[in-house]
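Here's my sequence, what's the structure:
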Amino acid sequence: MDPHLLRTFVTVARLGSFSDAARELGYTQSAVSQHIAALESDLGTALLRRRPVAPTTAGARLLEHAGPLLLRLDAARADIARLTAAPATRLVIGVSPLAMTSQFAATLAATLRSQPLWEVTVRVLGRAAVPRHVATGAVDLGLVDGIAAPNDPLHLPDTGPLTALAVTGQPPAVALPVGHPLAGRTGLCLTDLADARWLDAPEAAVPLGQLRAASGSDGYRPSLRYEGSDVRGLLALVAAGQGLALLPRAVVDGTPGVVPVPLAAPRLVHRVEALHGGTADDPAALLAAALTAATG
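Numbers count the residues shown, from 1 in each chain. Okay, here's the model as predicted:
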């Protein structure tokens, strides 16, 4: 299966348009049509309906395979490029919102004082985007967060050979508005909160899907969806009684109108891990080691 044809197919399916895909890929519309026809001929089945443009059943199944396949191809190219590239002084760091901690900022500042020639860019990315961007070379170092059992690493997608280092592990807490009936508790069981009103904040809090997986129970239905990455905005909604959120306790402490109650069961930690694909002496690896040493 030709990866160029597969990439064209994914682009057409995503945009729902042959002409829009041609503009994005820099091809003519005729070339895009030829790519799709060649891929359909290779697989012996129609992959796209034409009016409107949408995947067939076979096309939808192919899309499930296409994303990981193309990601691994891009990751392989980036991995080889890292091995053969000259030492760099430019460093692009991708950070998920809850991984943007004061410890990260302090360690970065200290490292830059000892490496004044480094040029650093920090990008706030979604959790799912961080490993993908590191694997494909879009960023040099990634900091990603999530919840896990105390001795377990984060469950990250398979994006190729990356080095993952534990940076922090903090206890999570349920953020409740002052005056909530449970605000005076010394600890809460996650399964007892399955029917509570939750804020669906996939980037600014622990995602609801992770709560369902951790508790092994359904529920955790959202009362409101928050699509921002500003944790302060999320906590303002908690204080206003719009729903609960699970966050690292340190993030919640001191927020007006919000009470953090520790999660007693199941036993979980909110982890931050540093991801890189470079050699031991490149800037990404050096900063990742510094972040790990700062918590050691």
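
Which parts of the stretch 151-296 of the chain are helices?
208-215, 231-239, 249-252, 283-295 (DSSP state H, counting those that start in this stretch).

Go through those and name the closest to L117.
Closest approach to L117 among those (Cβ to Cβ): helix 283-295, 10.0 Å. Where C-beta positions appear, they are placed from N, C-alpha and C, glycine not excepted.

Provide the contact partners of the closest one at residue level.
With Cβ atoms under 8 Å, 6 or more residues apart in numbering as the test, helix 283-295 has contacts from 88-91, 93, 103-104, 106-108, 110-111, 115, 118, 140-141, 143, 163, 165-168, 274-279.

Can you add distance to L73 and mean pLDDT and give the helices of the stretch 151-296 of the chain back as CSV?
CSV is the format used below for the helices of the stretch 151-296 of the chain (distance: least, Cβ to Cβ, whole Å; pLDDT from 0 to 100):
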stretch, distance to L73, mean pLDDT
helix 208-215, 28, 92
helix 231-239, 35, 96
helix 249-252, 37, 93
helix 283-295, 22, 88
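
Check the gap between the closest residue to L211 other than its chain neighbours and R212 for me.
Using Cβ to Cβ, 6 or more residues apart in numbering and skipping the chain neighbours, the partner closest in space to L211 is Y220 (4.8 Å). Plainly put, Y220 is 6 Å away from R212 if you go by Cβ to Cβ, to the nearest Å.

quick one: low-confidence ranges for the stretch 51-200 of the chain?
Applying pLDDT under 70 to the stretch 51-200 of the chain flags the ranges 83-88.

and if we set it to 50?
Within the stretch 51-200 of the chain, not a single segment meets pLDDT under 50.

that older thread, reformat the helices of the stretch 151-296 of the chain as CSV; add mean neighbour count and distance to L199.
Formatted as CSV, those follow (neighbours: other Cβ atoms under 10 Å; distance: least, Cβ to Cβ, whole Å):
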stretch, mean neighbour count, distance to L199
helix 208-215, 17, 9
helix 231-239, 19, 6
helix 249-252, 20, 13
helix 283-295, 19, 29
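
so what's the backbone phi/psi at S229?
With angles defined as degrees, to the nearest 10, S229 sits at phi -110, psi 0.

wait, it sits on E203?
Yes - with contact defined as Cβ atoms under 8 Å, S229 counts as touching E203 (4.8 Å).

Of the two, which one has the most company?
Between S229 and E203, E203 has the larger neighbour count (other Cβ atoms under 10 Å), namely 21 against 18.

For the more buried one, give its distance to T11.
Applying Cβ to Cβ, the value for E203 to T11 is 25 Å.

Could you do A213 as well?
Plainly put, A213 is 32 Å away from T11 if you go by Cβ to Cβ.

Also D140?
Applying Cβ to Cβ, the value for D140 to T11 is 26 Å.

These two: which has the busier surroundings?
Using other Cβ under 10 Å as the criterion, D140 and T11 rank with D140 on top: 26 against 19.

And the strands in this structure?
Assigned by DSSP state E, the chain shows strands spanning 48-50, 53-55, 90-95, 119-124, 141-148, 163-170, 172-177, 188-189, 198-200, 222-225, 245-248, 258-265, 269-276.
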